[in-house]
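Trainee: I'd like to go over a predicted model; first the sequence, then the structure.
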Amino acid sequence: EVQLVESGGGLVQAGGSLRLSCAASGFTFDDYAIGWFRQAPGKEREGVSCIISSDGSTYYTESVKGRFTISSDNAKKTAYLQMNSLKPEDTAVYYCNVEHLAYGTRYWGQGTQVTVSS
């Protein structure tokens, strides 16, 4: 059974940092792209960042470039999103997502709330 468990969300002041973790089980980590999405109240879910764990290539949406860093520990089957210089507009529920590189099969975590106060 595929499971993705996010953790690390919370309340932080603007300019602060948080590190989100996504612990995965039930599948071969190297076969997937791992991504972080977020959804703010009243807005559509948007892609924030992703990493191809097999080769380390990464992607960031423009609004988080230079502030967020995605990484993965294949041995621990865990992906991370280090978020620095947080802004109130980063407030959202953050979801971990994995997508099979060949078949496109996708799985989602349950989400973790990130709230940035001004």
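Mentor: All right, it came through fine.
Trainee: CA atoms for contacts and neighbours, from now on please.
Mentor: OK.
Trainee: confidence score at V2?
Mentor: Predicted confidence (pLDDT) at V2: the value is 87.
Trainee: excluding sequence neighbours, find me the nearest residue to F27.
Mentor: V2 (6.2 Å; C-alpha to C-alpha, 6 or more residues apart in numbering).
Trainee: likewise A102?
Mentor: In space, A102 comes closest to D31 once its chain neighbours are excluded; the distance is 7.9 Å by C-alpha to C-alpha, 6+ apart.
Trainee: tally of neighbours for that neighbour?
Mentor: Under the neighbour criterion other C-alpha atoms under 10 Å, D31 is assigned a count of 16.
Trainee: again with the one 10 residues further on
Mentor: Taking other C-alpha under 10 Å as the neighbour definition, P41 ends up with a count of 9.
Trainee: ranges for the strands of the protein?
Mentor: Using DSSP state E, the strands found in the chain span residues 3-7, 10-13, 18-25, 32-39, 46-52, 58-60, 68-73, 78-83, 92-100, 106-108, 112-117.
Trainee: ok, W108 touching C96?
Mentor: Yes: because the distance of 5.9 Å satisfies C-alpha atoms under 8 Å, W108 is recorded as touching C96.
Trainee: what do those two both touch?
Mentor: Here W108 and C96 share the contacting residues L4, scored by C-alpha atoms under 8 Å, 6 or more residues apart in numbering.
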